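1. Have a look; sequence and predicted model below, questions after that.
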Amino acid sequence: MSAARARPRPPAAPGADGAAPRWWPPARGRRERANTVGWLCVHPATGAVKLFHTVRTRSSITAAVLPALLGRLRRALRGPVVLIWDNHSSRSGKKMAAHLARRNWVRVVFLSRYSPELNPVQTLWAHLERVLRSRLFRSLEELEQVINAHLRPVRKRTDLLRGFIDSVGLEPSPFPSAA
């Protein structure tokens, strides 16, 4: 998961008379954030890579939200799912473990703790952050639009998606189904 922050654009600089508006500089307050979850999916028979992502601007991605997102992922993939996850608390807690235990269509492989370099989606987030780093956003909605607009063409670039997976040393090759 990645969280990009939306910062309000600063107001125009004070006029030549040097009189700054009362709200200059902008007050420091709580920054809003957009939380993003993404999955790089490899088809077991063909090796084709797809990207699925969700941006949430009004709430965090928690163990309460993940089951619905996993349901959407399963419907989109139309088959069993093997997740390779880091040990973030929203994914490794008791609530999520109980949810996953009731689902025979999902299997989870947890990465070692503190090892984002093994997670291919972290490479995707680094790619996205390079695009977002130099921008200021007026609102969370604008940030969400920019994230989605950037990831839309990325989703079509299977060579780039494969590169994210290759960058961490994974070699998910096609394998025969168990059915």
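-> Yep, it's here. Keep in mind that what you see is a predicted model, and the values were worked out from it rather than measured.

2. which strand is the longest one in this structure?
-> Secondary structure of the chain read by DSSP state E shows that its longest strand is strand 32-42.

3. So which residues of this structure form helices?
-> 66-77, 89-92, 94-101, 120-132, 140-156, 158-166 (DSSP state H).

4. Deepest in the core, which of those helices is it.
-> helix 120-132 (a mean of 18; mean count of other Cβ atoms under 10 Å). For glycine as for every other residue, the C-beta is placed from the backbone atoms N, C-alpha and C.

5. how far does that one sit from the chain's center?
-> How far helix 120-132 lies from its chain's middle: 9 Å, per Cα atoms, centre = their mean, to the nearest Å.

6. Next, the angle from it to helix 140-156.
-> 120 degrees (axes from the mean of the first three to the mean of the last three Cα atoms, to 10 degrees).

7. what helices or strands is helix 120-132 leaning on?
-> Where contact means 3 or more Cβ pairs under 8 Å, 6 or more residues apart in numbering; DSSP states H and E, helix 120-132 is packed against strand 2-6, strand 32-42, helix 140-156, helix 158-166.

8. Need those in CSV (columns: distance to L66).
-> Below are those laid out as CSV (distance: least, Cβ to Cβ, whole Å):
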stretch, distance to L66
strand 2-6, 15
strand 32-42, 8
helix 140-156, 19
helix 158-166, 21
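
9. And the ones you listed: which comes nearest S92?
-> Closest approach to S92 among the helices and strands packed on helix 120-132 (Cβ to Cβ): strand 32-42, 14.6 Å.

10. Pairing partners for the closest one, with directions?
-> strand 2-6 (antiparallel), strand 49-56 (antiparallel) (DSSP bridges).

11. Please enumerate residues in contact with that strand?
-> 1-6, 48-57, 59-61, 66, 69, 73, 77, 83, 120-121, 124-125, 128, 140, 143-144, 147, 151, 161, 164-165, 172 (Cβ atoms under 8 Å, 6 or more residues apart in numbering).

12. List the buried residues of stretch 34-51.
-> Neighbour counts over stretch 34-51 (16 or more other Cβ atoms under 10 Å) mark 34-42, 44, 49, 51 as buried.
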